[in-house]
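Colleague: Can you look at this prediction? I've put the sequence above it.
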Amino acid sequence: MAVNNPYAAYQNSKIMTASPAELILMLYDGAIKFSNIAVAAIEKNDIEKAHNNIIKTERIILEFRASLDMKYPVSKDFDVVYEYLIRRLHEANIKKDAEIMEEILKHLRTMRDTWKEVMRLNATGQTQVS
């Protein structure tokens, strides 16, 4: 007999009813969360936990990269950024370097905050960032 998990059901419902823009925001939040966990694990010398969470962050970035529509010029710019983040994640994972992870976090937070602003502007019908 399966045990119902209300939190899991809520999370699943949240994902299934999210717009594409909200899903991207959730992915950015997930990448930030996993990166923060990796930093804490590195600081505690928990190599396995650090590795697993860096890999989770990498998978999210790879998903972003795979979803780019290259017919738009801005996609090429994002691809360069995502490629850089993947390289830095590999380096951070090999070295278990919290400083590199902090750099990655800075980029992820900036990208997430920019995405939130795009969502806000889109919701209010504005087309330009002032």
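Modeller: Perfect, thanks for sending it. Numbering: from 1, shown residues only.
Colleague: residue boundaries of the helices in this structure?
Modeller: All helices of the chain, identified by DSSP state H, fall at 6-16, 20-43, 47-66, 73-95, 98-124.
Colleague: Mean pLDDT added to the ones you listed, as CSV?
Modeller: Putting these into CSV (pLDDT from 0 to 100) gives the following:
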stretch, mean pLDDT
helix 6-16, 66
helix 20-43, 96
helix 47-66, 97
helix 73-95, 96
helix 98-124, 95
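Colleague: TSV for those helices, including mean neighbour count?
Modeller: For every residue, glycine as well, the C-beta is placed using N, CA and C. Listed next are the helices of the chain as TSV, based on neighbours: other CB atoms under 10 Å:
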stretch	mean neighbour count
helix 6-16	10
helix 20-43	18
helix 47-66	17
helix 73-95	15
helix 98-124	15
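Colleague: List of residues touching stretch 22-42?
Modeller: 15, 18, 47, 49-50, 53-54, 56-57, 60-61, 63-64, 92, 96-98, 101-102, 104-105, 108-109, 111-112, 115-116, 119 (CB atoms under 8 Å, 6 or more residues apart in numbering).
Colleague: err, stretch 95-110, not the other one
Modeller: 28, 31-32, 35-36, 38-39, 42-43, 47, 50, 54, 57, 81, 85, 88-89, 91-92.
Colleague: 7 Å - rerun?
Modeller: 28, 31-32, 35-36, 38-39, 42-43, 47, 50, 85, 88-89, 91-92 (CB atoms under 7 Å, 6 or more residues apart in numbering).
Colleague: CA atoms of that stretch as PDB?
Modeller: Only the C-alpha atoms of stretch 95-110 are listed here, as PDB (Å, rounded to 0.1, in the frame of the first residue of the first chain):
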ATOM      1  CA  LYS A  95      38.900  20.400  -7.300                       C
ATOM      2  CA  LYS A  96      36.000  20.400  -4.900                       C
ATOM      3  CA  ASP A  97      36.400  24.200  -4.900                       C
ATOM      4  CA  ALA A  98      33.800  26.200  -3.000                       C
ATOM      5  CA  GLU A  99      35.100  29.500  -4.500                       C
ATOM      6  CA  ILE A 100      34.400  28.300  -8.000                       C
ATOM      7  CA  MET A 101      30.900  27.300  -6.900                       C
ATOM      8  CA  GLU A 102      30.300  30.700  -5.400                       C
ATOM      9  CA  GLU A 103      31.200  32.200  -8.800                       C
ATOM     10  CA  ILE A 104      28.700  29.900 -10.500                       C
ATOM     11  CA  LEU A 105      26.100  30.900  -7.900                       C
ATOM     12  CA  LYS A 106      26.700  34.500  -8.700                       C
ATOM     13  CA  HIS A 107      26.000  33.900 -12.400                       C
ATOM     14  CA  LEU A 108      22.900  31.700 -11.600                       C
ATOM     15  CA  ARG A 109      21.400  34.300  -9.300                       C
ATOM     16  CA  THR A 110      21.900  37.000 -11.900                       C
END
